[in-house]
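1. just to be clear, the model below is a prediction. Sequence and coordinates:
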Amino acid sequence: MENLTQLKWKEGISNDTDSVIIDVRTKEECLHGMIENAIHLDICDMENFISEVEKLDKSKKYFLYCMAGGRSGSACRIMENLGFENTYNLMGGISCWTGNTVDYAQ
């Protein structure tokens with residue numbers, strides 16, 4: 001896992017078009033907006049989170065975020081324990097995000 005500033009996190013996403021953005025917040029938090037192209041995997045629903053993560057391609061790069069960076073850091077560590085080598089945590093989370101957001105697609 002690597003903790004990245006918003007600038008480095010955005011650069012990482014734009015430099016790898018095959019990367020995946022994961023929002024680990026609750027559904028209620030996502031209703032306030034999500035980073036564009038993010039998939040929603042709520043880390044608070046741990047059983048489902050792990051089940052869904054295990055379906056992902058371990059060779060890709062994963063850029064995770066939450067509200068402030070704590071839960072997404074935990075999610076990165078869980079993914080590392082499951083064999084993912086390229087996980088990146090957005091320091092400060094979406095609360096510090098200055099980029100575009102989109103509505104949560106249920």
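-> In hand now; what should we look at? Numbers count the residues shown, from 1 in each chain.
2. need the three-state assignment for residue 22.
-> strand (DSSP: H, G, I helix; E, B strand; the rest coil).
3. next up, the contacts around it.
-> Shown in contact with residue 22 (CB atoms under 8 Å, 6 or more residues apart in numbering): 38-41, 62-65, 72, 75. To be clear about C-beta, it is placed using only N, CA and C from the backbone, and glycine gets the same treatment.
4. closest one of the residues you listed to residue 102?
-> residue 38 (8.3 Å; CB to CB).
5. partner residues bridging that closest one?
-> Residues in a beta bridge with residue 38, per DSSP bridges, are residue 21.
6. what is the burial count for it?
-> Using other CB atoms under 10 Å, residue 38 is surrounded by 21 other residues.
7. go ahead and confirm it touches residue 23.
-> Yes. Contact criterion CB atoms under 8 Å: residue 38 and residue 23 qualify, at 4.3 Å.
8. re the thing from before, just the buried ones from the contacts of residue 22, in ChimeraX syntax?
-> To isolate the buried subset of these in ChimeraX, counting by 16 or more other CB atoms under 10 Å, use the following:
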select :38,40,41,62,63,64,65,72,75
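9. which non-adjacent residue is nearest residue 42?
-> What sits nearest to residue 42 in space, not counting adjacent residues and going by CB to CB, 6 or more residues apart in numbering, is residue 26, at 5.5 Å.
10. which pLDDT value belongs to that neighbour?
-> At residue 26, the pLDDT value in this model is 97.
11. repeat for residue 105
-> At residue 105, pLDDT is 79.
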